[in-house]
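Visitor: need the 3D shape of this:
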Amino acid sequence: MDYDFNFAAVWRNFDLLLSGLGLGLVLALISIAIGCLIGLLAAFGMLSKVRAIRWVSTIYVSAIRNTPILVLILFTFFALPQLGIRFGKIESFIVTLSLYSGAYLTEVFRAGLIALPSGLREAGLTIGLTEFRVKLFVTIPIMFRNVLPSLSNNFISLFKDTSLAAAIAVPELTFYARKINVETFRVIETWMVASLIYVVACYIIAAGLRQLEQRLAVPR
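Guide: Residues are numbered from 1 along each chain as shown. I've put the predicted structure just below:
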């Protein structure tokens, strides 16, 4: 292989890659926070005794999960303005990623809610809590602790999905890597460094989330 590696152009623009990484993390954090709220509502909706609510929740989850996320991103950014619904590129991506994560988290939360002992609800009602307070102070906290490993995996996956924001020119890591690549023609070096940044970032996130899981684990 006759190729001379030269990382100088990448290192000169390394600050851009780091700023893109920071934006990607922020996008993932905001999206998973909103996605958790959507997922909780949809999970309770899927377990509701009201058929219409169950149907709405099921249709939402099925539609989002069976549509490629890139198609959703492009639809939100390019198609919705034709209907009079306009977002900036960052807001468009957050809306899309939140809805996308919410659909997957719905199933995570639904499984967590089903796995909870039925006695928790009765115990809460017995001590005088309302149905809403039982869900808020008993059911949801215990469920969150039980599904934390799945929630952690979803967050890492969501962070990697932020690379698709480059499709609508959101200045995250992949966007800047592509910019450096186009301007310097150092294809291998640019994508090697970008890939390494993603790997290291995901490893650090995973390690931090494992520590959190261990801290919140129920002693046996």
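Visitor: buried ones in the one helix or strand in the chain whose mean pLDDT sits lowest, by neighbour count?
Guide: Here the helix or strand of the chain ranked lowest by mean pLDDT, DSSP states H and E is helix 119-126, holding a mean of 76. Within helix 119-126, the residues that count as buried by 16 or more other CB atoms under 10 Å are 121, 124. C-beta: built from backbone N, CA, C; applies to glycine.
Visitor: who are the packing partners of it?
Guide: When contacts are defined as 3 or more CB pairs under 8 Å, 6 or more residues apart in numbering; DSSP states H and E, helix 119-126 packs onto helix 131-134.
Visitor: for this protein, list the residue farthest from the centre, please.
Guide: Of all residues in the chain, Asp2 has its C-alpha farthest from the mean position, at 41.1 Å, by CA atoms, centre = their mean.
Visitor: how would you label that residue: helix, strand or coil?
Guide: Of the three states, Asp2 takes coil under DSSP: H, G, I helix; E, B strand; the rest coil.
Visitor: ok, back up a step: for the least confident helix or strand of the chain, C-alpha coordinates in CSV please.
Guide: Taking C-alpha atoms only, helix 119-126 is exported to CSV below (Å, rounded to 0.1, in the frame of the first residue of the first chain):
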residue,chain,number,x,y,z
GLY,A,119,-48.7,-5.5,45.1
LEU,A,120,-46.8,-2.1,44.8
ARG,A,121,-49.9,-0.4,43.5
GLU,A,122,-52.1,-1.9,46.2
ALA,A,123,-49.6,-1.0,48.9
GLY,A,124,-49.5,2.6,47.7
LEU,A,125,-53.2,2.9,47.6
THR,A,126,-53.5,1.4,51.1
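Visitor: touching that helix from outside, list them.
Guide: Around helix 119-126, the neighbours that count as contacts under CB atoms under 8 Å, 6 or more residues apart in numbering are 131, 133-134, 137-139, 142.
Visitor: host element of the most centrally placed residue in the chain?
Guide: In the chain, the centroid-proximal residue (CA atoms, centre = their mean) is Leu158; its distance is 3.6 Å. Using DSSP states H and E, Leu158 maps to helix 140-161.
Visitor: and the angle from that helix to helix 119-126?
Guide: Counting by axes from the mean of the first three to the mean of the last three CA atoms, to 10 degrees, helix 140-161 lies at 130 degrees to helix 119-126.
Visitor: ok, residues contacting the helix or strand that helix 140-161 is followed by?
Guide: Counting by DSSP H and E, the next helix or strand C-terminal to helix 140-161 is helix 173-184. With contacts defined as CB under 8 Å, 6+ apart, helix 173-184 is touched by 9-10, 13, 16-17, 19-21, 23-24, 162-166, 169, 186-187, 190-191, 193-194, 197-198.
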